[in-house]
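Engineer: Sequence and predicted structure are below.
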Amino acid sequence: MALKNKRFISVIVGFLLISIFYSCKVNYGFKGITIPPNAKTISVATFQNQANLTAPVEPQLLSQKLRDAVSTQTNLGLLKQGGDLRFEECRITNYITAPQSIAASSGTAPDQAALNRLTVTIKINFVNKLDETKNFTDKEFSRYYDYPSAQNLTQVEPAALDQINRQLTEDIFNAAFNNW
């Protein structure tokens, strides 16, 4: 009888531990957002390229990333234009790759870059037609991605743009809805 009770207790304890570990998860996302209660819609303009050199897909990727963020993180209806809240005049102003750190030379070879950095800079306007004190104009955001100089940009560009666009989207979202 005592053996049955120990097994039963072990099963209950195991179930409780599994339940506790399953319910303990870390959620990353936009917290503490402030959206006017009477705001029902939001619109996100497509990013325009004003940089000298940009990946052809970057304006669409960044626009879609921002649309996805507002769709998943708010209850606002997404419109093509004219929302209660609007991201307008979205533009990519800089897209540049430059050496970031120099590796020491060996022998007679000149110093070479050990890391390169892709930097994307954007400017955006936010219009809150329900609370004009929350508006911003030509707000600049910039993010970068470092990669080994042994790789060329085309090898790392998809992963780099995914990371950069995620960070830019978080920055834009925080500036608009978290007063950062």
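Structural biologist: Yep, it's here. Residues are numbered from 1 along each chain as shown.

Engineer: use CA for all of it now, contacts and neighbours both
Structural biologist: Will do.

Engineer: so the residue lying closest to Ala113 once chain neighbours are set aside is in which element?
Structural biologist: Leaving aside its sequence neighbours, Ala113 sits nearest to Ile102 (Cα to Cα, 6 or more residues apart in numbering; 4.3 Å). Assigned by DSSP states H and E, Ile102 belongs to strand 85-103.

Engineer: Can you show me the CA trace of that strand as CSV?
Structural biologist: Below are the C-alpha coordinates for strand 85-103, written out as CSV (Å, rounded to 0.1, in the frame of the first residue of the first chain):
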residue,chain,number,x,y,z
LEU,A,85,-3.3,56.5,-36.6
ARG,A,86,-1.0,56.7,-39.6
PHE,A,87,2.6,56.0,-40.5
GLU,A,88,3.2,58.3,-43.5
GLU,A,89,6.1,59.4,-45.6
CYS,A,90,8.1,56.3,-44.7
ARG,A,91,11.4,56.3,-46.4
ILE,A,92,14.7,54.5,-46.4
THR,A,93,17.4,57.3,-46.3
ASN,A,94,20.6,55.3,-46.0
TYR,A,95,21.6,51.7,-46.8
ILE,A,96,25.3,51.3,-46.4
THR,A,97,28.0,48.7,-45.8
ALA,A,98,31.3,49.8,-44.3
PRO,A,99,34.2,48.1,-42.6
GLN,A,100,33.7,48.0,-38.9
SER,A,101,36.9,46.5,-37.4
ILE,A,102,40.3,46.0,-38.9
ALA,A,103,42.2,42.7,-38.6
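
Engineer: Tell me the buried residues in it?
Structural biologist: Buried residues in strand 85-103, counting neighbours by 16 or more other Cα atoms under 10 Å, are found at 85-95, 97, 99.

Engineer: from these, which single one is nearest Asp131?
Structural biologist: Closest approach to Asp131 among the buried residues of strand 85-103 (Cα to Cα): Leu85, at 9.4 Å.

Engineer: need the contact list for that closest one.
Structural biologist: Applying Cα atoms under 8 Å, 6 or more residues apart in numbering to Leu85 gives the contacts Ala39, Thr41, Ile42, Ser43, Phe126, Val127, Asn128, Lys129, Leu130.

Engineer: sorry, back to before: please tell me I have it right and the residue nearest to Ala113 contacts Leu115.
Structural biologist: Yes. Using Cα atoms under 8 Å, Ile102 is in contact with Leu115, at 7.2 Å.

Engineer: Longest helix in this protein, by number of residues?
Structural biologist: When the chain is parsed with DSSP state H, its longest helix is helix 153-177.

Engineer: what residues does that one touch?
Structural biologist: Counting by Cα under 8 Å, 6+ apart, 30, 33-35, 58, 61-62, 65-66, 69-70, 118, 120, 126, 134-135, 141-145, 147, 180 sit against helix 153-177.
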